[in-house]
Structure formats: structure tokens, C-alpha cells
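1. predicted model and sequence follow; I will ask about them next.
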Amino acid sequence: MDARFSGIVHVLAAAVLWGTVGPAQLVADAEVSLVSLGACRMLLGGAVLGLFTVRAAGLRTLWRPAARWWMLAGVLVTAAFQVCFLEAVERTGAALATAVTFGTVPVITGLWAWWFERERASAAGWCGTACSLAGIGLLLVPDAAAQVDVTGVLLGIASGGSFGTYIAATKQLARRGADTTAAAPMSVLCAGVLLSPWLVARPGGLGAPRAVLLIGWLALGTTALGYLLFARGVTRISAATAGTLSLGEPLVAAVLGVALLGERPGAVAACGAALLLGGLIAVSLPSRGRTAPGGKEPTVAAGGGPRADGAGSRGGTPKAAPRNERGRF
């Protein structure tokens, strides 16, 4: 029980840190290129993560012939997630951007699970998918009380799709014997390298105090510290428990958006966000009678955004990943 409680505290703390990404971006109000901001966050955060988690033996497994293309896919969607999410926050606000992004993730992960493994969704999975789609539809409906930026919503969907695809890629890496402990920080770092040309093309404002503080928090607080906290807690609790605790991320973003930023979504947008969160709750609830092979309760492990299994991309021996997985870059 002490180990489980410790795991809950660590995972919940990580979710709270991740929920501050959007609000921190808006509070800082730094006049910088969002792509350059994302590149700085990933380069610094990925480097720090790598120092603590990457070992040479694990690094070599990522570039085996069976795994290298999945690793490349992970890098590409990590970069896409970063850019799309930051832009979605800028356009729609922290609360709606986070709700749309993580309301989309279970839909995409479910589709990839069916495509690669012909895995059928449970009743809760179908319910969650329906809620998510309905919620996104409501967010796209014009609201006289508060205009929602349609492009921002679409970027949130794109960031959720990228994140869901990254989870699928991480599962495939684990199935091919790659060390998912090394995969997450290397994906973040390599994605930062991929976006680094923007640091040369659009460096304006990156040296300003507000921008420096924002980059430091996003890289060291939400990426490096959040990852390490999650890594310590995720192996001590079940997948369903970790999924439910991860709902703290959009909840924190919503509370901070309303309390600190004065975000007031209209009635239609609020209903859409509520449906999205309802969908997340539905897919996070444990399924009755559902156990891992051997009759054990499924355990969780994840990666800096992705989650693989057992100790997943956040630590431990690579295994096949459980169905309901999510995390944060």
C-alpha cells in the first residue's frame, strides 16, 4: 500500500506539472517564435533526460533494422506535437487546447490498435470515442457568446493525433526489442534537433527574461522533472489508475486557464470540453475481468509522452503496451 500510494503521488505530481504547459506559455506572453520555443524546450529537456536515463546499450537498440523506422516516426510526430500544441494554446487558450488534444488521443490510439493488432475496443472505449468526437464537434460549432478559433481546434486535433501516433510507435518499438527507456528522451532530443533551424531563422526574443524563464520551466520543470516523477511512480500502479490520474493534466490546465488567465469559454464550447473529459474518464476506467496474461493486473509504464508498458518508456524492461495509455511530452 505504501508503494502504491507513493506511485499515485508521483504520477499525480507529474500530471500537475504537465498541466501547466499551456498556462505558463500564456502567462509568460513571450514574443518568440513558437517553433523556436518548442525547439529550445526539446533540446534542453531531452538533453537533461538523456543524462539521467539513457545508457549506451539501450541507445543501440533504437537503431536496429527492425526498430529504426519506428524511431524515426516517433521523432517526426514528437516535433509535430510540440508545434501544433503550442500553436493551439496560443489560438484557443490553455483549457480548450489541452482538452481537445487529450480528448483526441484515445480516438487515435484506438484506431492504431485496431490497424496494427486488430484489437477491438471495449464498451468503455467506444463510449469514450463517441464522447470525444461529439465534444470536438461542439467545439467547432460557432458560439455567439465566445468565438472559438477553428484553426486552433484543428491544431489541437493534430497535436492529439501526433501524440496518439507516438504511443503506437512506442508500442511497436517495444515489440521489436528496443529500449523504450531510451526512446522517449532521444525522441524529444532528436525532435528538437529537427526543429533547430528555426533557432537560426527566428531567434528573436529568445534571450528576453520572460522567454528564458519560460524555456527553463518547460524544459526542466514540465519535461525533465515531470518525466522523472512519472518514471518513479508509474511502475507501482495499474494502467487504469495511471490513466485516471493523468486526467489531472487537462483539469489543471482548465483551472489555471480560468483562474489566472480569465478564460471563459461559451456554453457550447464548455459542453464540448466536458464531453472530451468524459471520454477520457470512460477510457481510463478499468474493464471488469480484464487482466494481463497470467492473471495479473495490467501495470503501466510510459514515456515522456508515450507509454509503453511494464516499466515502459519511462524505465524497466520493454514489454507489449497496455491498451489505455497516455502521457506527456
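-> Great, that's in hand.
2. now do T170, the pLDDT please.
-> The model reports T170 with a pLDDT of 84.
3. in the helix or strand harbouring V252, which residues are buried?
-> Here V252, judged by DSSP states H and E, is contained in helix 248-259. Residues of helix 248-259 classed as buried by neighbour count (16 or more other CB atoms under 10 Å): G248, E249, P250, L251, V252, A253, A254, L256, G257. Where C-beta positions appear, they are placed from N, C-alpha and C, glycine not excepted.
4. and for stretch 45-54?
-> G45, G46, V48, L49, G50, T53, V54.
5. Three-state assignment for A178, please.
-> coil (DSSP: H, G, I helix; E, B strand; the rest coil).
6. quick check: nearest residue in space to L195, chain neighbours excluded?
-> A39 (3.8 Å; CB to CB, 6 or more residues apart in numbering).
7. contacts only, for the one you found.
-> Listed by CB atoms under 8 Å, 6 or more residues apart in numbering, the contact set of A39 reads G192, L195, S196, W198, L199.
8. from the residues you listed, which is closest to E90?
-> Checking the contacts of A39 against E90 with CB to CB, the nearest one is W198 at 15.4 Å.
9. what's around that closest one, how many residues?
-> When neighbours are defined as other CB atoms under 10 Å, W198 has 18 of them.
10. just the pLDDT at it, thanks.
-> Among the per-residue scores, W198 holds a pLDDT of 92.
11. C-terminal to the helix or strand harbouring it, what's the next element?
-> Assessed by DSSP H and E, W198 sits inside helix 197-201. Read in the C-terminal direction, the helix or strand following helix 197-201 is helix 209-216, with elements assigned using DSSP H and E.
12. how about that next one: buried residues?
-> With burial defined by 16+ other CB under 10 Å, the residues of helix 209-216 counted as buried are A211, L214, I215.
13. same for the helix or strand just after it, what does it pack against?
-> Secondary structure here is assigned by DSSP H and E; on that basis, the next helix or strand after helix 209-216 toward the C-terminus is helix 226-234. Using 3 or more CB pairs under 8 Å, 6 or more residues apart in numbering; DSSP states H and E as the contact criterion, the secondary-structure elements in contact with helix 226-234 are helix 2-18, helix 34-53.
14. next secondary structure element downstream of the shortest one?
-> The C-terminal neighbour of helix 2-18 among helices and strands, as given by DSSP H and E, is helix 21-28.
15. which elements pack onto that next one?
-> helix 68-92, helix 94-117, helix 209-216, helix 248-259.
16. what mean pLDDT does that helix get?
-> Helix 21-28 carries an average pLDDT of 90.
17. touching it from outside, list them.
-> Residues outside helix 21-28 that contact it (CB under 8 Å, 6+ apart): 37, 85-86, 89-90, 93-95, 97-98, 210-211, 213-214, 217-218, 222, 253, 256-257, 260-261, 328.
18. go with 7 Å
-> Judged by CB atoms under 7 Å, 6 or more residues apart in numbering, the contacts made with helix 21-28 from elsewhere in the structure are 86, 89, 94, 97-98, 210, 213-214, 217-218, 222, 253, 256-257, 260-261.
19. do stretch 74-83 as well
-> Contacting residues not belonging to stretch 74-83 are listed as 34-35, 38, 42, 159, 162-163, 165-166, 169-170, 183, 187-188, 190-191, 194-195, 329 [CB under 7 Å, 6+ apart].
20. enumerate every residue touching the nearest residue to C40 once chain neighbours are set aside.
-> Ranked by CB to CB, 6+ apart and with sequence neighbours excluded, the top spatial neighbour of C40 is I215, at 4.6 Å. For I215, the residues meeting the contact criterion (CB under 7 Å, 6+ apart) are L37, C40, R41, L44.
21. okay if I get the residues you listed as JSON lines plus neighbour count, pLDDT and distance to T109?
-> Rendered in JSON lines, the data for the contacts of I215 read as follows (neighbours: other CB atoms under 10 Å; pLDDT from 0 to 100; distance: CB to CB, whole Å):
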{"residue": "L37", "neighbour count": "26", "pLDDT": "93", "distance to T109": "27"}
{"residue": "C40", "neighbour count": "24", "pLDDT": "94", "distance to T109": "28"}
{"residue": "R41", "neighbour count": "27", "pLDDT": "93", "distance to T109": "24"}
{"residue": "L44", "neighbour count": "20", "pLDDT": "95", "distance to T109": "28"}
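22. for W115, state which of the residues you listed is nearest.
-> Of all those, the one with the least separation from W115 (CB to CB) is R41, at 30.6 Å.
23. okay, the nearest residue to that closest one once chain neighbours are set aside and A94: tell me how far apart.
-> In this structure, R41 finds its nearest non-sequential neighbour in L218, 4.3 Å apart by CB to CB, 6+ apart. When distances are taken as CB to CB, to the nearest Å, L218 and A94 turn out to be 13 Å apart.
24. pLDDT score assigned to A308?
-> 38.
25. er, A274 actually
-> Checking the pLDDT column for A274, the value is 79.
26. what strand or helix carries it?
-> When elements are assigned from DSSP H and E, A274 belongs to helix 267-284.
27. that helix - contacts with which helices or strands?
-> Helices and strands in packing contact with helix 267-284 are listed as helix 94-117, helix 123-139, helix 239-245; criterion 3 or more CB pairs under 7 Å, 6 or more residues apart in numbering; DSSP states H and E.
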